[in-house]
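1. The following block contains a protein sequence and its predicted model.
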Protein chains: 2
Amino acid sequence: MLQGVSIKHLNQHLGEEVMLQGWLYNKRSSGKIQFLILRDGSGLVQGVMVKKEVDQETWAKANSLTQESSLRVWGIVREEPRAVGGYELQVTRLEIISLAAEYPITHKEHGVDFLADRRHLWIRTPRQSAILRIRSEIEHALREFFYQREFVLADAPIITPAACEGTTTLFEIDYHGNPAFLSQSGQLYSEATALALGKVYCFGPTFRAEKSKTRRHLMEFWMLEAEMAFYDLDDNMRLQEEMIMFVIDRVLHRCREDLKTLGRDTDRLASISVPFPRLSYTEAVELLRQKGVAFEWGDDFGAPEETLISENFNAPVFVHRYPTALKAFYMKPDPNQPEVVLGADLLAPEGYGEIIGGGQRIDDLTLLEQRLDEHGLPREAFEWYLDLRRYGSVPHAGFGLGIERTVAWICGLDHVREAIPFPRMLYRMYP
Amino acid sequence: MLQGVSIKHLNQHLGEEVMLQGWLYNKRSSGKIQFLILRDGSGLVQGVMVKKEVDQETWAKANSLTQESSLRVWGIVREEPRAVGGYELQVTRLEIISLAAEYPITHKEHGVDFLADRRHLWIRTPRQSAILRIRSEIEHALREFFYQREFVLADAPIITPAACEGTTTLFEIDYHGNPAFLSQSGQLYSEATALALGKVYCFGPTFRAEKSKTRRHLMEFWMLEAEMAFYDLDDNMRLQEEMIMFVIDRVLHRCREDLKTLGRDTDRLASISVPFPRLSYTEAVELLRQKGVAFEWGDDFGAPEETLISENFNAPVFVHRYPTALKAFYMKPDPNQPEVVLGADLLAPEGYGEIIGGGQRIDDLTLLEQRLDEHGLPREAFEWYLDLRRYGSVPHAGFGLGIERTVAWICGLDHVREAIPFPRMLYRMYP
């Protein structure tokens, strides 16, 4: 089948005649000139058709085009700084592939529910397409980061017999007559693969059946989880800041047009440098109190506290050594201060909140058994996990990065629902 | 924390003193010399400790090491063609991190169920680690292939309201009071993202609740699915053979040691070239009959037929234009021969069977509606999918590659259960 040039690469064809395949995004006409805004998934370009330069049939075809009709156009590429993308196409020929029925998403404003019901079409708009392209770039950058550092990708299972962090927020399935649950985290499995393969990551969908409707929560979201044998809390934080810098750099270089489409203030991203600030939980509590917040040591931070803390810094900020009681059973206590754990969360700037949770894991068998009991978790279900401390236990650490929150931050989105192709929310799983 | 050299990179440190962190895989002693086989996730190396060259304490430490104990060793790197990996370490110092309890997986033969129950430890053996590293390389190569070709990664949802290919093999979940299903394929969603973004792929876990126990089936498996606007059946096949060649080339170059560990005959892989042979279903039936198989036109191929067909070729073979009745509702009929569809499966050589299913999709609204009715699928659930034919329909095609089968073929495995870190099978979801 004919393969045209992609809009993204028009700059390589200045003055040439090219063929493009795509869809009509918008149209204006002056009676003598038709301006056809075309999209092809890689970008937008304006096609200019001058009546006296084409035959009647071509002019009539262009006239008949409805929004989102699919077509092939031939034309000469010209530089045009005023046009979207900086280039335009002087159209010489046009073929209609399929005339679209009246398109529901017009160029007027629509409500969010209306658009969400039509997510399969909404993703065609320049803003949504730009977000999805940036998401793709972020996901690939992450994988490349770990590949370059010789991590082994070890996919964690989705169907799991036991819960990683409590059972109240689990989706249950019937697994050939036995109850099973959709994974909330691949971490426990990654600890097993790290002790086999050294440095590993997994990157897949995770599930939380939370009855929450905040702008930061989805029922199904993608998480990158890395786990490293012989890493401590400090190694863990250094790896994370390198990773974030790698991603920012990649997006700034390869997604310029898309960031522009979103109106993202890229100076905020470009000014970030390492090392990221590091603040203990106790110092963060002090900071909140200095700001006049009555905050009790031992309480967890909510979104407002995270925003108050992170707005003091231009870069993401690590908050480390949270109270043991706030964190999961597997977190290693600080030997110098056992009431806190060797864990750290990374808070994104600009009020985007926690994007990473991580830390060093308990490597002592007796302590881990004790913690399981304290958390009321059934030891039988964790026997295999305990084995990791019976046979060749080593200090190890890891972290989980939430992709949709990271995309929301880098793109500057108000809500994570725009950060994934088909969001699953409390009252929405269609389309 | 101290970071040592990885075994894989010992060749860069010939004659130098290095530090390694890892686990004791095996040990032999002559009374005057101890041979410590160490693993660190990147490979194996033999450490040689000569009694008269170390102090008593170091010697005693080495003596006390049990299988899978974790340790740090210091030593000088020497070339040693007879040793595993081609290098050895003359050990000068040793620190025990954790002495392992008696390890259940010894160097004797164990039954498959025994090993499967201990998958979290089984993956530490050289063979299983090698397979998982090759799987990681294959998965990354696939992603790089599509990234280089400017495909957008558009993750498909796992929790879905409707079934893609029938409801009998679906895992059902309770989604906040409504029934929902685990995805069997991201394809329908990828068709939506392809019409927004041009060329897309998704790559995630998929689920089939099949009551089957063959060596080619898992309940949870990873699938790469690509979907391209403006691609026909031939474009689709060309892209697939390029992709397979890219993956083979990558694995042959970057996984030499691991392929050697598996005893894989790499000549079989290295001899593959493009174009792959292409056979119509009707020609394949002829071939079977020539081989004396009584096969009815219109029947589906099972594993034995796939093997009989593929053993005629040294490369993977495309079988295209299957009878319409055998394939899914969305497959586009061949305009020249409407009783067959413009689909093609790719059969791996050496009896590994189907690794790819793909084809061109119906782009005509009326025909698609008719097919939904014929297959007894509820039209309401597919309204969004029908929209893709109402608004800017274009010829498009795509395919799905099963990762575990591909890994099994490239590694030369008897069963897909070894091709994934934690297999989910009919009677197994632990650990």
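-> Arrived safely, thanks for sending. Since we're looking at a predicted model, the values are computed, not measured.
2. Below-threshold pLDDT in chain A: ranges please.
-> Along chain A, segments meeting pLDDT under 70 span A:162-167.
3. which residues in it form helices?
-> With DSSP state H, the ranges of helices along chain A come out as A:56-64, A:112-117, A:119-122, A:126-148, A:187-197, A:233-254, A:256-262, A:266-270, A:281-290, A:303-310, A:365-374, A:383-390, A:403-411.
4. Would you mind reformatting these (as TSV) and adding columns for distance to residue B:115 while you're at it?
-> No exception for glycine: its C-beta is placed from N, CA and C like everyone else's. Below are the helices of chain A laid out as TSV (distance: least, Cβ to Cβ, whole Å):
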stretch	distance to residue B:115
helix A:56-64	66
helix A:112-117	47
helix A:119-122	44
helix A:126-148	28
helix A:187-197	13
helix A:233-254	32
helix A:256-262	48
helix A:266-270	48
helix A:281-290	43
helix A:303-310	45
helix A:365-374	23
helix A:383-390	13
helix A:403-411	34
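5. Rebuild those helices as CSV, extending it with distance to residue A:47 and mean neighbour count.
-> Below are the helices of chain A laid out as CSV (distance: least, Cβ to Cβ, whole Å; neighbours: other Cβ atoms under 10 Å in any protein chain shown):
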stretch, distance to residue A:47, mean neighbour count
helix A:56-64, 9, 14
helix A:112-117, 27, 14
helix A:119-122, 22, 22
helix A:126-148, 16, 21
helix A:187-197, 50, 26
helix A:233-254, 26, 18
helix A:256-262, 18, 18
helix A:266-270, 29, 14
helix A:281-290, 54, 17
helix A:303-310, 45, 19
helix A:365-374, 64, 15
helix A:383-390, 60, 19
helix A:403-411, 28, 25
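6. Tabulate the ones you listed in a markdown table, adding columns for distance to chain B.
-> As requested, the helices of chain A are exported to a markdown table (distance: least, Cβ to the nearest Cβ, whole Å):
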| stretch | distance to chain B |
| --- | --- |
| helix A:56-64 | 14 |
| helix A:112-117 | 9 |
| helix A:119-122 | 4 |
| helix A:126-148 | 4 |
| helix A:187-197 | 4 |
| helix A:233-254 | 5 |
| helix A:256-262 | 11 |
| helix A:266-270 | 21 |
| helix A:281-290 | 22 |
| helix A:303-310 | 22 |
| helix A:365-374 | 9 |
| helix A:383-390 | 4 |
| helix A:403-411 | 9 |
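7. mind checking which of those helices is nearest residue A:342?
-> Set against residue A:342 and scored by Cβ to Cβ, the helices of chain A come closest in helix A:233-254, at 4.3 Å.
8. outside of that closest one, which residues touch it?
-> For helix A:233-254, contacts defined as Cβ atoms under 8 Å, 6 or more residues apart in numbering or on different chains pick out A:134, A:137-138, A:141-142, A:144-145, A:226, A:228, A:231, A:259, A:266, A:269-270, A:272-276, A:278, A:316, A:318, A:320, A:342-344, A:346, A:356, A:358-360, A:397-399, A:401, A:406, A:410, B:1, B:3.
9. quick check: angle from it to helix A:403-411?
-> Put simply, helix A:233-254 runs at 50 degrees to helix A:403-411, going by axes from the mean of the first three to the mean of the last three Cα atoms, to 10 degrees.
10. Keeping just the C-alphas, turn helix A:233-254 into PDB.
-> Output in PDB follows, covering the C-alpha atoms of helix A:233-254 (Å, rounded to 0.1, in the frame of the first residue of the first chain):
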ATOM      1  CA  LEU A 233      18.700   4.100  50.600                       C
ATOM      2  CA  ASP A 234      21.300   6.600  49.300                       C
ATOM      3  CA  ASP A 235      22.100   4.500  46.200                       C
ATOM      4  CA  ASN A 236      18.400   4.200  45.600                       C
ATOM      5  CA  MET A 237      17.900   8.000  45.700                       C
ATOM      6  CA  ARG A 238      20.800   8.600  43.400                       C
ATOM      7  CA  LEU A 239      19.500   6.200  40.900                       C
ATOM      8  CA  GLN A 240      16.100   7.800  41.000                       C
ATOM      9  CA  GLU A 241      17.400  11.300  40.400                       C
ATOM     10  CA  GLU A 242      19.500  10.200  37.500                       C
ATOM     11  CA  MET A 243      16.500   8.400  36.000                       C
ATOM     12  CA  ILE A 244      14.300  11.500  36.400                       C
ATOM     13  CA  MET A 245      17.000  13.700  34.700                       C
ATOM     14  CA  PHE A 246      17.300  11.200  31.900                       C
ATOM     15  CA  VAL A 247      13.500  11.400  31.200                       C
ATOM     16  CA  ILE A 248      13.300  15.100  31.500                       C
ATOM     17  CA  ASP A 249      16.200  15.600  29.100                       C
ATOM     18  CA  ARG A 250      14.700  13.200  26.600                       C
ATOM     19  CA  VAL A 251      11.300  14.800  26.600                       C
ATOM     20  CA  LEU A 252      12.600  18.300  26.400                       C
ATOM     21  CA  HIS A 253      14.700  17.300  23.300                       C
ATOM     22  CA  ARG A 254      12.200  15.100  21.500                       C
END
